[in-house]
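Chemist: Pasted the sequence and its predicted model underneath.
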Amino acid sequence: MLASAAEGDLVFDPFCGSGTTGVAAKELGRFFAGTEAEREYAQLAGRRIGAVVRKEELQELSSLPPTPNRGWRARVRRTAACRGSARSETDG
């Protein structure tokens, strides 16, 4: 996506599936439109895309000072949980 769409561009995925392209688009500051024939996948995609934290918020969180013995991932998770945001599947 970084190679083919600039920030603010519209990304279209005609076979959206679980919404991975939409999640990446939102995280990278792109607009997203997608279609999916299967209702269950469309609902899943909507939930996943809706739960994404925008990149500006991630940058803000990553600038916080580190917590002792935990690292930046723990800070992001803890701060996101305080704001009511969902963790991404790729966090580990």
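Modeler: Structure received. Residues are numbered from 1 along each chain as shown.

Chemist: What segments of this structure are strands?
Modeler: Remark: strands assigned in the chain by DSSP state E are 10-13, 31-34.

Chemist: which helices and strands sit right next to the last one?
Modeler: Read it as strand 31-34. strand 10-13, helix 20-27 (3 or more CB pairs under 8 Å, 6 or more residues apart in numbering; DSSP states H and E). Backbone N, C-alpha and C define where each C-beta goes, glycine included.

Chemist: export these to JSON lines and tack on mean pLDDT, distance to residue 51 and mean neighbour count?
Modeler: Shown next, in JSON lines, are the helices and strands packed on strand 31-34 (pLDDT from 0 to 100; distance: least, CB to CB, whole Å; neighbours: other CB atoms under 10 Å):
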{"stretch": "strand 10-13", "mean pLDDT": "96", "distance to residue 51": "18", "mean neighbour count": "15"}
{"stretch": "helix 20-27", "mean pLDDT": "93", "distance to residue 51": "9", "mean neighbour count": "20"}
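
Chemist: Show me the shaky parts of this protein.
Modeler: 54-64, 66-92 (pLDDT under 70).

Chemist: In the record's domain split, what are the boundaries for it?
Modeler: 1-52, 54-85 (automatic domain parsing).

Chemist: picking that back up, output the strands of the chain in a markdown table, with distance to residue 3 appended to each entry.
Modeler: Rendered in a markdown table, the data for the strands of the chain read as follows (distance: least, CB to CB, whole Å):
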| stretch | distance to residue 3 |
| --- | --- |
| strand 10-13 | 12 |
| strand 31-34 | 17 |
